[in-house]
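> prediction below, plus the sequence it came from.
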Amino acid sequence: MWSLAIVWISSLLVSTQAQGTASVWRGNDRSGRCQYSFTVASPTEASCPSVGSGPEMEALKSRLGLLEVMVARLAGGEAPRAAAGTGLQEAYTQAMGEKAQLQREKDRLAQQVDELQQRVAELQKEAEKLRSRPCQQLPPPTVPQHDSSLRPGAGTALSHLVSRPGRTQGDTSSLRDPSWQYGSPGYQELKAEVAEVPAPRPEDTEDYTGCGELLFVGEPVTHRKADTIAGKYGVWMQDPEPVAPYGPGMVWRIDTIGSEVRQLFGYEDMEQLSRGFPTKVLLLPEAVESTGATMYRGSLYYQRRRSRTLIRYDLASESVAARRDLPHAGFHGQFPYSWGGYTDIDFAVDEEGLWVIYSTNKAKGAIVISQLDPHSLEVKRSWETNIRKTTVANAFMICGRLYTVASYTSPNTTVNYSFNTATSQSKAISVPFKNRHRYNSMIDYNPIQRKLFAWDNYHIVSYDVRLGKQQ
């Protein structure tokens, strides 16, 4: 290009017969743009004619115009555009390479995610297999093979918490103990049964179906600990006379911490309760007040929150079957047990039916016992005792007798008082009772299991009881 420009300039100078001087000037104009200026002396004219005259001037202007166009192309035209095009091409190529690399990385990560998901699915299947696989239990050689109650697995066919005739310290074969976590599970369970089940004695067998006075309360057996603060206080129950569709093994639980306690959890059996897997959850139409609820003949009986209203909730229809105000009863902290908790009204069930334990202003805080019609909640008969409700930790009914517990926090306390509704006579007693977890907020008796059910500081526990001969 530069050679072509030189030839062009040379020819221009020859054609004009340049004799004298010629000059080329380059500089920026007012806008900063580069310009080339040429000065050529005329060989024949001493002065320039008027502007725009003569063919020679027109030819010179044309040549200068062509020269300016060529110089402009050489200085800033085609070469920079070509260079810019080359730079863009290189940038595009680099960007496409990076895109391909990112895609390959994405594909690799997606493959790793798929592999991890497959591994998780395999682990879940393995966990399900392990849960469904029964524990291997090897019978010790000293266990007699003719006694089916001591063979491994025999306990699963029996209802949990069912007492047997002649048992003095309770059947713990189906209950878990933290100390059993080592060694062979089968051996430990069998060892416990052999240690806990002495040979039945005739007098114990006779007492088993009797309704004498309370003589003995066994060691507390823990079945489950609540998972959250809502389970610090609560009530758990088994219906002594269940009605379809629920069977005798069904266990019910209410956590009573909160301002709107309305959930009733149902468990198929004690094993499901201990594992924490409810099979039924009911939402009660009215909120529950404290830990005084009970279960009887297919219905839940409880006190409506902030009132003296008693409610019978039918489990089959999942609706309120009856409601009635308990006449003159204190409620919401007027006459609670000594631990508080708005335990003014406490339902109870025993061999003689449905009861309610409470107090009134007329009784001046002394415990009042009323037997209720389980269908209509009507009061059939009432008894006024001579022990103040706020001085005892809890109370329960056995065979028509009221029993009270002295302390809810002392690890070694007593059942300290009884009142016989058959004779209207009361007396002080001293039957040892243990609060293993030191905050017992609920104690109820189950006449079929012949056990006390309790809720001790997050822990669901039970106690075996032994009664004397009926007089």
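Cool, got the structure.

> contacting residues around Asn440?
Asn440 makes contacts with Trp339, Ala393, Asn394, Val405, Tyr408, Thr409, Ala454, Trp455, Asp456, Asn457, as judged by C-beta atoms under 8 Å, 6 or more residues apart in numbering. All C-beta spots, glycine's among them, are computed from the backbone N, C-alpha and C.

> which residues does the residue nearest to Glu268 when sequence neighbours are not counted contact?
Among residues not flanking Glu268 along the chain, Thr279 sits closest, at 4.8 Å (C-beta to C-beta, 6 or more residues apart in numbering). By C-beta under 8 Å, 6+ apart, Thr279 lies in contact with Gly266, Tyr267, Glu268, Gln272.

> repeat that for Glu351.
Here Glu351 is in contact with Cys211, Ile398, Cys399, Gly400, Pro447 (criterion: C-beta under 8 Å, 6+ apart).

> same question, Arg305
Glu260, Val261, Glu286, Ala287, Val288, Glu289.

> of the residues you listed, buried ones?
By neighbour count, with 16 or more other C-beta atoms under 10 Å, the contacts of Arg305 hold Val261, Glu286, Ala287, Val288, Glu289 as buried.

> go through stretch 413-430 and flag the buried ones.
Per 16+ other C-beta under 10 Å, stretch 413-430 contains these buried residues: Thr413, Thr414, Val415, Asn416, Tyr417, Ser418, Phe419, Thr421, Ser426.

> now do stretch 378-397
Using 16+ other C-beta under 10 Å as the test for burial, stretch 378-397 gives Trp383, Thr385, Ile387, Lys389, Thr390, Val392, Ala393, Asn394, Ala395, Phe396, Met397.

> check which helices and strands whatever helix or strand the last one lives in sits against.
What that stands for is Met397. Using DSSP states H and E, Met397 sits in strand 394-398. On a contact count with 3 or more C-beta pairs under 8 Å, 6 or more residues apart in numbering; DSSP states H and E, strand 394-398 meets strand 346-350, strand 353-358, strand 401-405, strand 440-446.

> so how far is it from its chain's centroid?
Taking C-alpha atoms, centre = their mean, to the nearest Å, one finds the center of strand 394-398 at 34 Å from the center of the full chain.

> which residues sit against it?
Contacts for strand 394-398 (C-beta under 8 Å, 6+ apart): 211, 214, 337, 339, 343, 346, 348-352, 355, 357, 367, 369, 389, 402-405, 408, 440-445, 447, 452, 465, 467.

> just the buried ones from those residues, in ChimeraX syntax?
Buried residues within those, by 16+ other C-beta under 10 Å, are selected in ChimeraX with:
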select :211,214,337,339,343,346,348,349,350,352,355,357,367,369,389,402,403,404,405,408,440,441,442,443,444,445,447,452,465,467
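
> quick one on the thing from earlier: tell me which of the helices and strands packed on strand 394-398 lies nearest to Asp325.
For these, proximity to Asp325 was assessed by C-beta to C-beta; strand 353-358 is nearest, at 11.9 Å.

> model confidence over the closest one, on average?
Per-residue pLDDT values across strand 353-358 average out to 98.

> what lies in contact with it?
With C-beta under 8 Å, 6+ apart as the test, strand 353-358 has contacts from 292, 294, 296, 301, 310, 326, 329-330, 335, 344-349, 367-374, 389, 395, 397, 402.

> which of the contacts of Asn440 fall within strands?
Mapping those onto strands (DSSP state E) picks out Asn394, Val405, Ala454, Trp455, Asp456.

> now for those: which two are most distant?
Pairwise distances across these (C-beta to C-beta) peak at 13.0 Å, for the pair Val405 and Trp455.

> contacting residues for the residue lying closest to Lys362 once chain neighbours are set aside?
Closest residue to Lys362 apart from its sequence neighbours, by C-beta to C-beta, 6+ apart: His328 at 6.3 Å. With contact set as C-beta under 8 Å, 6+ apart, His328 has these partners: Thr360, Asn361, Lys362.

> swap in 10 Å and give it another go.
Arg308, Tyr358, Ser359, Thr360, Asn361, Lys362, Ala363, Val368 (C-beta atoms under 10 Å, 6 or more residues apart in numbering).

> what's the first-to-last distance across stretch 217-233?
End-to-end distance of stretch 217-233 (C-alpha to C-alpha, to the nearest Å): 22 Å.

> can you list the buried residues in that stretch?
Val217, Gly218, Pro220, Val221, Thr222, His223, Arg224, Ala226, Gly231, Lys232, Tyr233.

> restricted to helices, list those residues.
Nothing among the buried residues of stretch 217-233 maps onto helices, per DSSP state H.

> want to throw those into a markdown table with distance to Met57 and pLDDT?
Shown next, in a markdown table, are those (distance: C-beta to C-beta, whole Å; pLDDT from 0 to 100):
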| residue | distance to Met57 | pLDDT |
| --- | --- | --- |
| Val217 | 134 | 98 |
| Gly218 | 133 | 97 |
| Pro220 | 126 | 97 |
| Val221 | 126 | 97 |
| Thr222 | 120 | 96 |
| His223 | 120 | 96 |
| Arg224 | 115 | 95 |
| Ala226 | 112 | 90 |
| Gly231 | 111 | 89 |
| Lys232 | 113 | 92 |
| Tyr233 | 116 | 93 |
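
> would you list the residues you listed in a markdown table and tack on distance to Glu58?
Converted to a markdown table, the buried residues of stretch 217-233 look like this (distance: C-beta to C-beta, whole Å):
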| residue | distance to Glu58 |
| --- | --- |
| Val217 | 133 |
| Gly218 | 132 |
| Pro220 | 125 |
| Val221 | 124 |
| Thr222 | 119 |
| His223 | 118 |
| Arg224 | 114 |
| Ala226 | 110 |
| Gly231 | 110 |
| Lys232 | 111 |
| Tyr233 | 114 |
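
> and these, which of them are in strands?
Judged by DSSP E, these include Val217, Val221, Thr222, His223, Arg224 as members of strands.

> biggest separation within the residues you listed, which pair?
By the measure C-beta to C-beta, Val217 and Arg224 form the most distant pair in these, at 20.4 Å.

> correct me if wrong: Ser382 contacts Ser424.
No - between Ser382 and Ser424 there is no contact under C-beta atoms under 10 Å: 11.1 Å.

> low-confidence ranges in the stretch 1-150 of the chain?
For the stretch 1-150 of the chain, the stretches with pLDDT under 70 are 1-22, 38, 40, 42-56, 71, 73-85, 132-150.

> which stretches in it count as helices?
Under the criterion DSSP state H, counting those that start in this stretch, helices of the stretch 1-150 of the chain are mapped to 2-15, 55-76, 78-132.

> please apply the same query to the stretch 151-300 of the chain.
185-196, 202-208, 270-275.

> mean confidence for the longest one?
For helix 185-196, mean pLDDT rounds to 33.

> now do the second one
The pLDDT scores in helix 202-208 average 46.

> please apply the same query to the shortest one.
What helix 270-275 shows for mean pLDDT is 94.

> just checking, what packs against that helix?
Applying 3 or more C-beta pairs under 10 Å, 6 or more residues apart in numbering; DSSP states H and E, one finds that helix 270-275 makes contact with strand 221-225, strand 251-255, strand 263-267, strand 459-467.

> kindly reformat these as a markdown table containing distance to Pro240.
Shown next, in a markdown table, are the helices and strands packed on helix 270-275 (distance: least, C-beta to C-beta, whole Å):
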| stretch | distance to Pro240 |
| --- | --- |
| strand 221-225 | 18 |
| strand 251-255 | 12 |
| strand 263-267 | 16 |
| strand 459-467 | 14 |
